[in-house]
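Visitor: Fold the following and give me the result.
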Amino acid sequence: MSDKEIKKDTKTEKEGAEDVTFENQKQVSEEPESDKEKGGKTKSLSKKGPRKPKKTSSQKKIENLQKSLDELNDKYLRLYSEFDNYRKRTSKERIELLKSASQEVILDILPVVDDLERSIQSFEEHKLSKEAKQGVELIYNKLMNILKQKGLEKIDAKEKDFDTDFHEAITNIPAPSKELKGKVIDVIQNGYLLNGKIIRFAKVVVGQ
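Guide: Predicted structure coming up:
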């Protein structure tokens, strides 16, 4: 083999070795890049955090049913409250109606009561028959007992302080004593209450 051929083969071997060395360096330099890429992907995944579990169809149904139940319960409570208020109101109105239902009838009877009282007073003043007086008093007492059972009550006005809530002043006269100033001297017509409610004011004479 000539010297030229030997030199050519040596040169070829060196070039082949350099190519192998260059390829190895290239592979080594590429590996860290792939590691960096993996690290970047890991970091990006860690930033997103754990995924929330998706709700199943059964869980959604349970939530919808619970929501419907709460709405129905709220409606029931509202209706019950309204009905209870209605029941109390109607019961109160019924009681008041029963108490005042006989008011007009009693007001029509009161003039008869006034006449009976005047007749009894007349018997006493003129000293008429005791038997006739007792008969009138019997009728008067029976009638008043019936009216009292219906809730009628006479207003006690004589020698009481004048009160515009119960009394109607017909006239004023000089008081016969200091104690009777501003008080009722005489009662011209009796006043009455029906179940605690005034239905007729007492007509009175007030002392000054």
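
Visitor: what about the strands in the chain?
Guide: 152-154, 167-173, 184-189, 192-194, 197-200, 202-207 (DSSP state E).

Visitor: Next, count neighbours for F123.
Guide: For F123, the count of nearby residues is 17 (other C-beta atoms under 10 Å). Using the backbone N, CA and C atoms, a C-beta is placed for each residue, glycine as well.

Visitor: my bad, Q103
Guide: 16.

Visitor: so where's the protein shaky on pLDDT?
Guide: In the predicted model of the chain, residues 1-55 satisfy pLDDT under 70.

Visitor: hang on, the earlier thing: most tightly surrounded among the strands of the chain?
Guide: Mean neighbours per residue, mean count of other C-beta atoms under 10 Å, is largest over the strands of the chain for strand 202-207, with a mean of 20.

Visitor: got the angle between that one and strand 184-189?
Guide: Counting by axes from the mean of the first three to the mean of the last three C-alpha atoms, to 10 degrees, strand 202-207 points 150 degrees away from the direction of strand 184-189.

Visitor: Check which helices and strands strand 202-207 sits against.
Guide: strand 167-173, strand 184-189 (3 or more C-beta pairs under 8 Å, 6 or more residues apart in numbering; DSSP states H and E).

Visitor: still on that earlier bit, save the strands of the chain as CSV, and put in distance to N85 too.
Guide: Output for those, formatted as CSV (distance: least, C-beta to C-beta, whole Å):
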stretch, distance to N85
strand 152-154, 32
strand 167-173, 39
strand 184-189, 43
strand 192-194, 28
strand 197-200, 24
strand 202-207, 39
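
Visitor: circling back: relative to S122, which of the helices and strands packed on strand 202-207 is closest?
Guide: Among the helices and strands packed on strand 202-207, strand 184-189 comes nearest to S122, with 15.7 Å by C-beta to C-beta.
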